[in-house]
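In: The amino acid sequence is not available; the structure is as follows:
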């Protein structure tokens, strides 16, 4: 019976490490997405100027 509890503890430790790994990865991905969205938000007036300029030439 003792080996079963050791096995259970080992599996639990591995699962915990696995979840932490994905939480870190998720944070990195969300940080990159936020950077991209903020960049486009700040560039929005520039994009509008480009679009208006293109419409003026047509």
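Out: Cool, got the structure. Source: prediction; values computed, not measured. Numbers count the residues shown, from 1 in each chain.
In: How about residues contacting stretch 44-51?
Out: Outside stretch 44-51, no residue is within contact range by Cβ atoms under 8 Å, 6 or more residues apart in numbering. Backbone N, C-alpha and C define where each C-beta goes, glycine included.
In: Let me know how buried residue 32 is, in neighbour terms.
Out: A total of 10 residues lie near residue 32 under the criterion other Cβ atoms under 10 Å.
In: ok, now residue 22?
Out: There are 9 residues near residue 22, going by other Cβ under 10 Å.
In: Please name the residues that touch it.
Out: By Cβ under 8 Å, 6+ apart, residue 22 lies in contact with nothing.
In: can you list the weak-confidence ranges in this protein?
Out: Along the chain, the parts satisfying pLDDT under 70 run over 1-19, 51, 54-58.
In: let's see it at 50
Out: 58 (pLDDT under 50).
In: show me what contacts residue 33?
Out: So residue 33 contacts nothing (Cβ under 8 Å, 6+ apart).
In: Where does it sit, in terms of helix or strand?
Out: helix 2-57 (DSSP states H and E).
In: measure residue 46 to residue 23 for me?
Out: Going from residue 46 to residue 23 by Cβ to Cβ, to the nearest Å gives 35 Å.
In: whoops, I mixed them up, residue 30
Out: Taken as Cβ to Cβ, the span from residue 30 to residue 23 is 11 Å.
In: Check residue 49 too.
Out: Distance of residue 49 to residue 23, computed by Cβ to Cβ: 41 Å.
In: One more: residue 41?
Out: As judged by Cβ to Cβ, residue 41 and residue 23 stand 26 Å apart.
In: Also residue 36?
Out: From residue 36 to residue 23 the distance is 21 Å (Cβ to Cβ).
In: now swap in residue 52 and tell me
Out: Distance from residue 52 to residue 23, counting by Cβ to Cβ: 44 Å.
In: Residue 39 now?
Out: 25 Å.
In: what's the answer for residue 29, then?
Out: 11 Å.
In: and if you look at residue 47?
Out: Taken as Cβ to Cβ, the span from residue 47 to residue 23 is 34 Å.
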